[in-house]
Structures are given as C-alpha cells and as structure tokens.
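Engineer: Take this sequence and fold it.
(chains A and B)
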Amino acid sequence: DTEVTQTPKHLVMGMTNKKSLKCEQHMGHRAMYWYKQKAKKPPELMFVYSYEKLSINESVPSRFSPECPNSSLLNLHLHALQPEDSALYLCASSQPAGETNQPQHFGDGTRLSIL
Amino acid sequence: KQEVTQIPAALSVPEGENLVLNCSFTDSAIYNLQWFRQDPGKGLTSLLLIQSSQREQTSGRLNASLDKSSGRSTLYIAASQPGDSATYLCARGGFQKLVFGTGTRLLVSP
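Structural biologist: Below is the predicted model:
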C-alpha cells in the first residue's frame, strides 16, 4: 500500500472542462512534488512545494495551477487542457532538501485523458 | 542540460540469474542517486538511495553503487525472480529536484 494517496485514479475530461487532481500524505513530509509521465518515458518534474510554498515551477503552462492548502495536501487544478497533456500525473513527498536529499515517496498516479 | 541515461533499455533473463543495470549521468555535482522500480500503470517504489558521500547501499538482494567521478551508478540484482519484472529507473538528485533516467524494462521468466 502506498503512503501517498492520489485521487482520482483515472480522469477523462474535455478541453473546456475544469478539474482537480488531489494528493495526500500523512508521513509528516514538508516537501511535495508533481510529476508528469508520458507513456514509456521517465517522469518529468512540474512543481515543488517546500513548507507549503511553491519553490520550483519547471516552466509549466498556466493551464496547470498547483495549490498546497496545508502540509498534507497538494492539488493540481486543470483548465483548458490540450490532448498532449494526456499522461500519468504523479505526486511525491519527502522531507525538504537540506544537506542531503531524502528519498521521495510516490503515489500511484492519476491517469489523465483529454478528449 | 542534465542527462541521465540507462542501459540496457530492455533485458530479459531466466529466473535465478544475477544481473546489473547501468545508469550514467553528466553532472557529477549530485546530492544523491536514487533507484526506483515502476510496475505497469503504477507509481514509483523507492528501492535504494545513495548519498553523494557514499559508495554503495544494500537492501536484501539489491546492491547499488555510485561512482561520482565517472558519472555512473549500477544496480545489482542477485538471484532474480519473476516478481522482479518491472521498469527500473535511476534518478539523479539535485537540490529539491530529481532527473530521471530513461529506464530499463526487466523481464524475468520462470
């Protein structure tokens, strides 16, 4: 069983819809991450939150809007997505970076399909 | 641009064989090197993390080594089992960032 829970597991949406992906962890981690993974490709970092503040945005289009309402939750709000945004979206958490990084723990992802 | 490559891209072995997966990275100024496995349609499971000051880590049948000077890491799997079949990803750890390798798809047949 994963310690990082993502909902929903699957999402199909049209290009004009607004939806949100949710991620929750109860390991006391203060860093949370969003990754995008296309089929047969490695995950690519999208956003990093550290102590509930956005610390890294990897030049992600504004149609993706992250939110970290508290230390256990991470949301990804979606609006006006394109078909090429169809992918597996992975959430991860860890202790924040210090002198040495701690392992990241991943959820099972949300498989997103844009019609 | 930071690049992480893995060879081979795919590997098929009979059960019981020992095997080595390779990972190479272009920037030696890393914080750590992490190995993950990913089952089809699933998220990533962390296997081993080697801090930049370490040379290797072991967990059960898995042993990972790190050579920063040559930009290489290896994952050694002893006595492989069908349950080891998955995609194995290495990731170069920087400050708050992981850059993933291209992955090795492993199939262990009974």
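Engineer: Find the residue at the geometric middle of chain A.
Structural biologist: A:W34 (2.8 Å; CA atoms, centre = their mean).
Engineer: Please tell me I have it right and that residue contacts A:L76.
Structural biologist: Yes. Counting by CB atoms under 8 Å, A:W34 does reach A:L76; the two are 5.5 Å apart. From N, CA and C alone the C-beta is placed, and that goes for glycine too.
Engineer: Now do the shared contacts for these two.
Structural biologist: A:23, A:47, A:66, A:89 (CB atoms under 8 Å, 6 or more residues apart in numbering or on different chains).
Engineer: beta partners for the last one?
Structural biologist: It stands for A:Y89. Assessed by DSSP bridges, A:Y89 has beta-bridge partners A:K36, A:T110.
Engineer: what would the shared contacts of A:W34 and A:L76 look like in CSV with pLDDT?
Structural biologist: Shown next, in CSV, are the shared contacts of A:W34 and A:L76 (pLDDT from 0 to 100):
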residue, pLDDT
A:C23, 98
A:F47, 96
A:P66, 97
A:Y89, 97
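Engineer: OK, contacts around the residue of chain B found nearest chain A?
Structural biologist: Closest to chain A within chain B is B:F100: 3.5 Å, counting by CB to the nearest CB. Residues near B:F100 by CB under 8 Å, 6+ apart: A:42-44, B:4, B:89-91.
Engineer: Which two of these have the greatest separation?
Structural biologist: A:E44 and B:C90 (15.0 Å; CB to CB).
Engineer: Done for today, thanks.
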